[in-house]
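S.K.: Sequence plus predicted model, see below.
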Amino acid sequence: MINALTVTAQALMEPSKGLLAMDESVGTCNRRLAECGIAQTEEFRRRYRELLVTAPGLSPFISGAILLDETLRQNTRDGVLLADVLRAAGILVGIKVDAGTTALADHPGERVTEGLDGLRERLARFATLGVCFAKWRAVLVIADGLPTQACIQVNAHALARYASLCQEAQIVPVVEPEVLMDGGHTLTRCAEVTTEVLHQVFEQLHEQGVALEAMILKPNMVLPGLSCGEPASLAEVAEATLSCLRRTVPAAVVGVAFLSGGQPATLATARLNAMHQPNQTSGSPAFELPWPLSFSFGRALQQPALGLWAGKDGNRVIAQNALLHRARCNAAAVQGAYSDAMDEEARAA
Ligand code: 5MM
């Protein structure tokens, strides 16, 4: 069982490719549509997702796409399942299986992710539909006294229960503990919190017998908070992020695919690229990375495309080109080969 799962996980981490996270819940997707003046209906969510999955030429850069279950049931205007369009292009189909977050009792400002009830049955059904990987996101907030150990532990426990159920169902778990960027915290504080969160997550994964050789970690980059007055350079972010991962993520994990977390699209790409510069990944055995580093971006892949589409059929091609461009830039970043020039040329064009 683990062998087949490992093969899938390795396919998701294929060199110079990444994941397209297009699993925004109905509420989040509607919010993003509303920001672009687009009607917030199931039909417009379908049209938007059709635009994404039918973008020609995506597969050289994208190994897998994470869908929402609504999307799994939807067809193109020509009646083809959106999931089949992806599969035909050689892109693996994944599914978000968490049910979102709820307030953690007695812990103001903190949240726990729900969705374990009935998860075994849902995973079994998704497996019959050809879904080969899944995703569950936990959310941790940095503030005075936060996150608490209680919040870190309940979320780590739930992530491990989810991951274990996925492997039982022959589905590769993508484990996503997200430390949010909101707040005025420093880069150093984000590093401390992310380190602690990842320690607890891997302790729970170990306790619950999750096979690390058959999972992917989807962490945040280590960044200063959005309202922190001390900006960090690309090199500082790369150094802080890689130090944190080296200290916490066992070598057996198949790969690390970052979330973008609301960073500007080009900055997320530049930071990913900085992590792939030779001075970050070699020079001494102590600095070699044991796992490939890639992307599992949502907004940083999609946002330019959504804005350009604006809900209008006539804008489909330009929107798809914008998605392709971001996918190409991030695929270059995974090889350390991205440069600002790629974006400047695209802007000029
Ligand atoms: C952190 O969000 C995940 C990655 O997207 P970004 O790169 O934009 O940060 C993303 O997969 C997220 O989990 C989904 O969009 C689902 O979020 P909601 O809030 O809709 O459940």
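M.R.: Now that the structure is in, tell me what you want to look at. Residues are numbered from 1 along each chain as shown.
S.K.: I'd like the distance from the residue of the stretch 151-300 of the chain found nearest the ligand to residue 239, if you could.
M.R.: Using CB to the nearest ligand atom, the closest approach of the stretch 151-300 of the chain to the ligand is made by residue 298 at 2.7 Å. Yep, even glycine has a C-beta here, placed from its N, CA and C like the rest. Between residue 298 and residue 239 the computed distance is 25 Å (CB to CB, to the nearest Å).
S.K.: Kindly report the same for residue 104.
M.R.: For residue 104, the distance to residue 239 - CB to CB - is 32 Å.
S.K.: what about the residue of the stretch 151-300 of the chain closest to the ligand, how many residues close to it?
M.R.: 20 (other CB atoms under 10 Å).
S.K.: Contact partners for it?
M.R.: Residue 298 is in contact with 21, 22, 23, 24, 259, 260, counting by CB atoms under 8 Å, 6 or more residues apart in numbering.
S.K.: 10 Å instead, please
M.R.: Residues in contact with residue 298 (CB atoms under 10 Å, 6 or more residues apart in numbering) are 19-24, 28, 32, 66, 259-262.
S.K.: which residues touch the residue lying closest to residue 195 once chain neighbours are set aside?
M.R.: In space, and not counting its chain neighbours, residue 195 is closest to residue 244: 5.1 Å by CB to CB, 6 or more residues apart in numbering. Contact partners of residue 244, counting by CB under 10 Å, 6+ apart, are 190-198, 219-222.
S.K.: okay, those in a markdown table with secondary structure, neighbour count and pLDDT next?
M.R.: Shown next, in a markdown table, are these (DSSP: H, G, I helix; E, B strand; the rest coil; neighbours: other CB atoms under 10 Å; pLDDT from 0 to 100):
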| residue | secondary structure | neighbour count | pLDDT |
| --- | --- | --- | --- |
| 190 | helix | 27 | 98 |
| 191 | helix | 21 | 98 |
| 192 | helix | 15 | 98 |
| 193 | helix | 22 | 98 |
| 194 | helix | 25 | 98 |
| 195 | helix | 18 | 98 |
| 196 | helix | 17 | 98 |
| 197 | helix | 26 | 99 |
| 198 | helix | 22 | 99 |
| 219 | coil | 25 | 99 |
| 220 | coil | 23 | 98 |
| 221 | coil | 26 | 98 |
| 222 | coil | 27 | 98 |
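S.K.: related to what we said a few turns ago, can I get the buried part of the contacts of residue 298 as one ChimeraX selection?
M.R.: Burial among the contacts of residue 298 is assessed by 16 or more other CB atoms under 10 Å; the matching ChimeraX selection reads:
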select :19,20,21,22,23,24,32,66,259,260,261
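S.K.: Distance-wise, check the residue nearest to residue 100 when sequence neighbours are not counted relative to the ligand.
M.R.: Distances taken as CB to CB, 6+ apart put residue 25 closest to residue 100, at 6.0 Å, once the chain neighbours are dropped. Note on residue 25: its distance to the ligand, by CB to the nearest ligand atom, to the nearest Å, is 3 Å.
S.K.: got a list of what residue 25 touches?
M.R.: By CB under 10 Å, 6+ apart, residue 25 lies in contact with 31, 68, 69, 70, 96, 98, 99, 100.
S.K.: what's the answer for residue 330, then?
M.R.: Counted by CB under 10 Å, 6+ apart, residue 330 has contacts 16-18, 20, 61-62, 258, 260, 265, 268-269, 272-273, 294-295, 297, 300-301, 338.
S.K.: ditto for residue 120
M.R.: Listed by CB under 10 Å, 6+ apart, the contact set of residue 120 reads 165, 166, 168, 169.
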